[in-house]
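> What follows is a predicted structure for the sequence shown.
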Amino acid sequence: MLEHLKKRINETLKAIQQHFDDNDDLRGQRDLLTNINGIADTTAALILAELGDIQRFEAAVQ
């Protein structure tokens, strides 16, 4: 059972990676986020999933 779950997790992570690679906008946003120290692909994917389109924000400061 544990091996099956590990396999499914790896398949899901690969599918997420492929989704980013296939979409120019998402890939660019991921690349911007991963340029920040401490943010890797998984964290960038989670941030983008929660925020949605980051282009909707006018600026980084208010």
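The structure has been received and is ready for your questions.
> And the helix ranked longest in the chain, what's buried?
Longest helix in the chain by number of residues (criterion: DSSP state H): helix 2-22. Neighbour-count burial for helix 2-22 flags Phe20 (criterion: 16 or more other C-beta atoms under 10 Å). Backbone N, C-alpha and C define where each C-beta goes, glycine included.
> who's in contact with that helix?
The contact list for helix 2-22 (C-beta atoms under 8 Å, 6 or more residues apart in numbering) reads Leu26, Arg27, Arg30, Asp41, Thr42, Ala45.
> Could you dump those residues into JSON lines with secondary structure added?
As requested, the contacts of helix 2-22 are exported to JSON lines (DSSP: H, G, I helix; E, B strand; the rest coil):
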{"residue": "Leu26", "secondary structure": "helix"}
{"residue": "Arg27", "secondary structure": "helix"}
{"residue": "Arg30", "secondary structure": "helix"}
{"residue": "Asp41", "secondary structure": "helix"}
{"residue": "Thr42", "secondary structure": "helix"}
{"residue": "Ala45", "secondary structure": "helix"}
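> Just flag the most distant two among these.
Greatest spatial distance among the contacts of helix 2-22 (C-beta to C-beta): Arg27 and Thr42, at 15.1 Å.
> and the nearest residue to Ala40 once chain neighbours are set aside, how far is that from Glu58?
Of all residues not flanking Ala40 in the chain, Thr34 sits nearest, at 6.2 Å (C-beta to C-beta, 6 or more residues apart in numbering). As judged by C-beta to C-beta, to the nearest Å, Thr34 and Glu58 stand 23 Å apart.
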